[in-house]
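Engineer: following is a predicted model, sequence given first.
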Amino acid sequence: MFVRRLVAFASLLLGGVLFGPAAQAQPTGRSVAPDGRPPSPADTVRVGVQEAIAKALEASPEVDIRAAERDRAAAQSREARRSRFLTDVSLTTAHSFAPGLNVPSGNSQPDDQLYLNPDVTNDWTPTSLRPFTSANIVARQPIWTWGELSGQIDAARHAVDVETAEVEQKALDVATRTGEIYYNVLLTRALDRLAERTRDVIERAENELQRMKEEGAEDYEEADLFELRLTQEEYRRRNTEIDQRQSTARSALQRQLLVPEGVVVDPAPDDLQPIDFSMHPDSLAYYTDLALRNRPELRQARAGLKARRAQVRVARSDYYPKLGFQATYGYSFTLPGRPRQENAFVGDSFRGNTTRTGFGIEMNLNFLQTRARVEQAQARVNQVRHQQEGAQQLVRFEVEQAYRDVLVAQTNLASRDRDVTTTGEWLRTEQINFDLGFGDTENLIEAVRANLEAEARYYEAVKAYNVAVLELMDATGTLASRARSGTLLDPSSSTN
């Protein structure tokens, strides 16, 4: 009966206490290298959760992609600001051949007055062609645009804020994911240690069966032996599955931190402990206010709303005439063979220079089209405003959900901790009674089972609580900044 109890107990542990969904749903890793060999000290990087998140943020290509978009927006903003002065400065050149001149033999006019002789004509024969070059420089400076330039500058500036918020949003996603992976590693490591105790139970049952068989005990049954063998095979299958999932998860953590190949990331410390965190005295209202100030989505919506309003100003500017200043200078030159003609009323397109400088007015007379563009821009403003209102409500909900998840996880953790204390006292009592010779075997086995199960559930509760705390920081928009600043695990403050 004792052996059968041991075998049944081991089967129970294999069936769900240690190898159940919690151990398999989020695979994590042992201290093994990617090829299955134990890592050497030189190949191992030990990191705490704060350091792991900071490293992931620093190395994440997802964050870098958004940062590149932010840099592009910043470059566009600089371009818009620099367009305020000399909006358009261009140089255009042309290079070809110009005809020579066919001057009659009886010409009496000097070279710079050949235009007075009506018999002078262009000579297009190949031998008379001369290299020709022209250049035109145009410079435009807006003076008053009714908000077009300032609106474009403001829209580009707020677009940078939008992209910056996108970077922070992606950083929050990476930080939360890294923290959860990190604590999954520690959870499976803790459950793996408990699984070793399950193996001890199986070995004890095997030794007891062998002793009973050798002594010819009356209560020895071959069925117990077969049941033990099935339990051993089940343990091997489950243990192999855990080993492979652990290796895969450790590789995932390594990829998350982008460490070099051959380097193993190892959480430090080895044991799974609750995050040192306390709720703010003002509770939900405090975290909601913090989220409304820090969530990237809300900053993005506010910046997007300002950008859309600036674009409305740009569209409305087409209703009014725009004043500007323009300077143009052109120069044409042909090699000797075509002299320049000096006259205020006569010009030669192949040789000479021109200039036009002054103020001008430009106005779009398509008022119906302008009105349609203004309406489109205003509709986009309304769209972003409604998105902002929706985002605020969603943030409030997410903060409340994360806040209550922490309270639930906190209560569950405290309860599981008391379970471990209670089952530990029960186990010690049964062991003492058993050693004194008046204990009950079934009670001892039940106490061992209850203690192992309580410890497994406690570690699951620790992991759930730690992840809930990280998700609350994520919901308030402060997780990434706390990890970067080194205050993630600062017990003196519940948030930044």
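Structural biologist: Arrived safely.
Engineer: surely N412 meets A464?
Structural biologist: Yes. Assessed by Cβ atoms under 8 Å, N412 is found in contact with A464 at 7.0 Å. Bear in mind the C-beta positions are built from the backbone N, C-alpha and C, glycine included.
Engineer: so for S317, what's the pLDDT?
Structural biologist: At S317, the model reports a pLDDT of 95.
Engineer: count the neighbours of it for me.
Structural biologist: Neighbour count for S317, taken as other Cβ atoms under 10 Å: 21.
Engineer: now do it against S150, distance only.
Structural biologist: Distance of S317 to S150, computed by Cβ to Cβ, to the nearest Å: 9 Å.
Engineer: just to revisit the earlier point, so N412 and A464 - more neighbours on which side?
Structural biologist: Using other Cβ under 10 Å as the criterion, N412 and A464 rank with A464 on top: 21 against 18.
Engineer: ok, now which ones touch that one?
Structural biologist: A409, N412, L413 (Cβ atoms under 8 Å, 6 or more residues apart in numbering).
Engineer: again, but for D270
Structural biologist: L186, R189.
Engineer: three-state assignment of it?
Structural biologist: At D270 the chain is in coil, as set by DSSP: H, G, I helix; E, B strand; the rest coil.
Engineer: longest strand in the chain, please.
Structural biologist: strand 130-144 (DSSP state E).
Engineer: okay, buried residues for that one please.
Structural biologist: Within strand 130-144, the residues scored as buried using 16 or more other Cβ atoms under 10 Å are R130, F132, S134, A139, R140, P142.
Engineer: tilt between the helix or strand following that strand and strand 130-144?
Structural biologist: Next along the chain after strand 130-144, taking DSSP states H and E as the criterion, comes helix 148-215. Counting by axes from the mean of the first three to the mean of the last three Cα atoms, to 10 degrees, helix 148-215 lies at 90 degrees to strand 130-144.
Engineer: any idea how far helix 148-215 is from the chain center?
Structural biologist: 16 Å (Cα atoms, centre = their mean, to the nearest Å).
Engineer: which ones are touching N466?
Structural biologist: Contacts of N466 (Cβ under 8 Å, 6+ apart): V49, G179, Y183, P274, I275.
Engineer: distance of it from Y403?
Structural biologist: Taking Cβ to Cβ, one finds N466 at 16 Å from Y403.
Engineer: same check on A315?
Structural biologist: Taken as Cβ to Cβ, the span from A315 to Y403 is 43 Å.
Engineer: try A301
Structural biologist: Distance from A301 to Y403, by Cβ to Cβ: 22 Å.
Engineer: returning to what we had before: A315 and Y403: which is more packed in?
Structural biologist: Ranked by neighbour count (other Cβ under 10 Å), A315 and Y403 place Y403 first, with 23 against 20.
Engineer: the more buried one belongs to a strand?
Structural biologist: No. Y403 is assigned helix when assessed by three-state DSSP, not a strand.
Engineer: tell me how far it lies from D276.
Structural biologist: Distance of Y403 to D276, computed by Cβ to Cβ: 18 Å.
Engineer: and what of R302?
Structural biologist: Using Cβ to Cβ, R302 is found at 34 Å from D276.
Engineer: same question, L57
Structural biologist: In terms of Cβ to Cβ, L57 sits 21 Å off from D276.
Engineer: tell me which of the two has more neighbours.
Structural biologist: L57 (22 against 10).
Engineer: which other residues reach the strand or helix carrying the more buried one?
Structural biologist: L57 belongs to helix 49-59 when elements are defined using DSSP H and E. By Cβ under 8 Å, 6+ apart, the surrounding residues in contact with helix 49-59 are 47, 63, 171, 174-175, 178-179, 182-183, 253, 256-258, 265, 267, 275, 466, 479-480, 483-484, 486, 488-489.
Engineer: burial of D112, as a residue count?
Structural biologist: For D112, the neighbour count with other Cβ under 10 Å is 11.
Engineer: where does the spatially closest residue to it that is not a sequence neighbour sit: helix, strand or coil?
Structural biologist: Using Cβ to Cβ, 6 or more residues apart in numbering and skipping residues adjacent in sequence, the residue nearest D112 is E342, 4.8 Å away. Look at E342: counting by three-state DSSP, its state is coil.
Engineer: cool, and the one 3 residues further on?
Structural biologist: Following three-state DSSP, we place F345 in the coil state.
Engineer: OK, contacts around it?
Structural biologist: Contacts of F345 by Cβ under 8 Å, 6+ apart: none found.
Engineer: try G179
Structural biologist: V49, A52, I53, N466, V467, L470, L479.
Engineer: are any of those buried, and which?
Structural biologist: Neighbour counting by 16+ other Cβ under 10 Å classes V49, A52, I53, N466, V467, L470, L479 among those as buried.
Engineer: those residues: which two are farthest apart?
Structural biologist: Spatially, the most separated pair among the buried ones among the contacts of G179 is A52 and V467, at 13.7 Å (Cβ to Cβ).
Engineer: the helices in the stretch 301-450 of the chain, which residues?
Structural biologist: Taking DSSP state H, counting those that start in this stretch to define them, one finds helices in the stretch 301-450 of the chain at 367-436, 441-475.
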